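Asks: give me a model of this one.
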Amino acid sequence: RFARDTVSPSMKAGTVQARGMTFATLEEGDGPLVLCLHGFPDHARSFRHQLPVLAAAGYRAVAPAMRGYAPTGPAPDGRYQTAALAEDAVALIAALGYDDAIVFGHDWGALAAYGAALVAPTRVRKLITAAVPYGAQVSAAFMSSYDQQRRSWYMFFFQTPFADIAVAHDDYAFLERLWRDWSPGWNFPREEMAALKETFRQPGVAEAALGYYRAMFNPALQDPALATLQNRMMMEPIEVPTMMLHGADDGCMGAELVEGMAAFFPRGLRTEIVPGTGHFLHQEDPARVNALVLDFLRS
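Replies: This is a model prediction of the structure:
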């Protein structure tokens, strides 16, 4: 479970069983479910500004620690591909006692959210994603855009054995540099970086976090049973009303990658480029992001 000092008085820490794993959760409120899925380098506290606001608006907001991110344990099958994350999201909706949910994903959580909406559109009422756009243009950028290749250097570095040492070196200073590079205008609270490093110090977390990236490029690390879903992700239309949030100054995924997304969302796509924010926009300007989220949920 989460340590008490990582949970605000209004949040509850819990666990839920899904797909052979015990997911640790932070949650607040009662009502329709909003499932909040974090990315890298991050953890469930990423949504600390959203959970109370969603609860006040009449929702039950739940942020699980994703597979491999303590207090959630490692993937029992060792799989960290995006299709597995998508199946986790669908299973968590049912495990939390709901037929459907609003799914809000950031970074890797956005990829999980897209996949959940693709594989089980009737289980995802609305989709909110942040910091990672959807569509074939995103994959193409890794081959055609020098700017995006430069931003994505870490993905390729993570394929090497050097990454295991580099990420952990000097008490995970690497994570702090990524936050600064990806959100260059954010003077993040020191206690939040301390909390993130404490998560990464837990056994197996750094290995799992790197495993997400290694599964991207190595078919041997992917489950053959998930091949069909894996091949559909980022390529096929999503039949769920969606809002995409992106920081104007994102140093990880360029805001230009949002262009072309609308063609993949026949039930509607609302795009919001949030000025003055980078990759961690929901933490950098929570008031603006929360207002956009609530407006979308009311529409």
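Asks: hang on, Leu26 in a strand?
Replies: Yes. If the criterion is DSSP: H, G, I helix; E, B strand; the rest coil, then Leu26 is within a strand.
Asks: which ones are touching it?
Replies: Phe2, Val7, Met11, Lys12, Ala13, Ala44, Arg45, Phe47, Arg48, Leu51, Val62, Ala63 (CB atoms under 8 Å, 6 or more residues apart in numbering). All C-beta spots, glycine's among them, are computed from the backbone N, C-alpha and C.
Asks: before we move on, what SS does the spatially closest residue to the first one that is not a sequence neighbour have?
Replies: Just to be clear, that refers to Phe2. Distances taken as CB to CB, 6 or more residues apart in numbering place Ala13 nearest to Phe2, at 4.2 Å, with adjacent residues excluded. Recorded secondary structure, Ala13: strand (three-state DSSP).
Asks: got a pLDDT number for Ala13?
Replies: Looking at Ala13, its pLDDT stands at 94.
Asks: can you check Arg4 too?
Replies: As predicted, Arg4 sits at a pLDDT of 64.
Asks: Ser8 too?
Replies: pLDDT, Ser8: 72.
Asks: same check on Arg60?
Replies: 98.
Asks: that older thread, in the sheet, who's paired with the residue nearest to Phe2?
Replies: Leu26 (DSSP bridges).
Asks: also the one 4 residues further on?
Replies: Partner residues in beta bridges with Gln17: Thr22, with DSSP bridges as the criterion.
Asks: for it, grab the count of nearby residues.
Replies: Gln17 has 11 neighbouring residues, counting by other CB atoms under 10 Å.
Asks: which parts of the stretch 51-200 of the chain are helices?
Replies: Assigned helices in the stretch 51-200 of the chain, in chain order: 51-56, 82-95, 108-119, 136-144, 146-151, 153-157, 162-182, 190-201 (criterion: DSSP state H, counting those that start in this stretch).
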